[in-house]
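Novice: How does the following fold in three dimensions:
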Amino acid sequence: MWRTICRFLLFKFMGWKNCNTQEIPEKCLICVAPHTSNWDFFIGKLYYAALGRTSQFLMKKEWFFWPLGILFRSMGGIPVERSKKHSLTDQLAEIAIKSDKFSLAVTPEGTRSRVEKWKRGFYYIALKAKLPILLFAIDFPTKRIVCTETLIPSGDVERDMKRVMDYYSQFTGKNPELFQVEKIEIQENNEESQNVKTGN
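Specialist: Predicted coordinates for the structure are as follows:
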């Protein structure tokens with residue numbers, strides 16, 4: 001019943017389109033961008049509910065006051081204590097490894113404001129737990145929820161992150177002026193450069 005309601009609200013009433021070509025496994029990390037508005041959270045939760053699935057998400061601990069804390073936890077919210085110096089990525093990776101099902105949605109920009117450097121925590125969680133990263137985009141001008149690429153972390157963080165940036169550069173958030181993909185330049189090592197020059 002709830003799935004039917006969410007499908008009606010998102011796809012019929014609001015006019016959004018599902019453009020996902022990737023299989024969503026039982027254990028995965030959902031990367032979501034652009035993130036420029038509170039509407040992103042609402043649309044994302046509606047979308048996943050419309051698929052009949054549930055996912056967890058990270059949120060500032062300050063938001064988990066009564067009675068909102070009860071609501072956010074019931075929706076899959078995980079409170080984050082940003083002031084403490086503990087490895088949240090290690091904790092979440094361990095949870096993922098031990099779980100039969102694990103789906104965590106993250107917004108690597110980390111804020112709705114414009115940023116030049118995206119957070120890498122989601123990548124390290126996926127790398128440590130051997131999870132695929134599904135690249136989901138909420139494209140407001142076309143009202144499309146798009147996922148056409150799955151990233152398997154290779155361990156080469158910057159090269160993989162450049163692939164993430166190249167992917168998201170084609171999408172536009174609700175507030176375009178607040179979205180910027182990170183500029184990443186990949187420096188080839190001397191051996192690779194020499195092979196290119198010599199044709200080896």
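
Novice: where does the protein have low pLDDT?
Specialist: Under the criterion pLDDT under 70, the flagged ranges of the chain are 59-60, 63-65, 73-86, 189-200.

Novice: Spit out the contact partners of the most centrally placed residue in the chain.
Specialist: Of all residues in the chain, the one closest to the mean position by C-alpha atoms, centre = their mean is Cys31, 1.5 Å from it. Going by C-beta atoms under 8 Å, 6 or more residues apart in numbering, Cys31 touches 106, 108, 122, 133-136, 151, 164. (Each C-beta comes from the backbone N, C-alpha and C, glycine too.)

Novice: which of those residues has the most neighbours?
Specialist: The residue in the contacts of Cys31 with the most neighbours, by other C-beta atoms under 10 Å, is Phe122 (26 neighbours).

Novice: got a list of what Leu151 touches?
Specialist: Going by C-beta under 8 Å, 6+ apart, Leu151 touches 31, 126, 132-135, 160, 163-164.

Novice: Could you dump these into CSV with distance to Phe42 added?
Specialist: CSV is the format used below for the contacts of Leu151 (distance: C-beta to C-beta, whole Å):
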residue, distance to Phe42
Cys31, 18
Ala126, 25
Pro132, 25
Ile133, 23
Leu134, 19
Leu135, 20
Asp160, 29
Arg163, 28
Val164, 24
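
Novice: List the beta-bridge partners for the residue nearest to the centre of the chain.
Specialist: According to DSSP bridges, the partner residues bridging Cys31 are Val106, Leu135.

Novice: before we move on, the earlier item: need the contacts of Cys31 in CSV (columns: distance to Ala96).
Specialist: Below are the contacts of Cys31 laid out as CSV (distance: C-beta to C-beta, whole Å):
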residue, distance to Ala96
Val106, 12
Pro108, 17
Phe122, 12
Ile133, 12
Leu134, 14
Leu135, 18
Phe136, 18
Leu151, 16
Val164, 19
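
Novice: Go through those residues and name the one nearest Tyr48.
Specialist: Nearest to Tyr48 out of those is Phe136 (C-beta to C-beta; 9.5 Å).

Novice: Ramachandran coordinates for the spatially closest residue to Ala33 that is not a sequence neighbour?
Specialist: Using C-beta to C-beta, 6 or more residues apart in numbering and skipping residues adjacent in sequence, the residue nearest Ala33 is Tyr168, 4.9 Å away. Main-chain dihedrals, Tyr168, degrees, to the nearest 10: phi -80, psi -10.

Novice: doesn't Gln180 make contact with Tyr168?
Specialist: No: Tyr168 sits out of contact with Gln180 when judged by C-beta atoms under 8 Å, with a separation of 9.9 Å.

Novice: Look at these two and report which has more neighbours.
Specialist: More crowded of Tyr168 and Gln180, by other C-beta under 10 Å: Tyr168, with 26 against 17.
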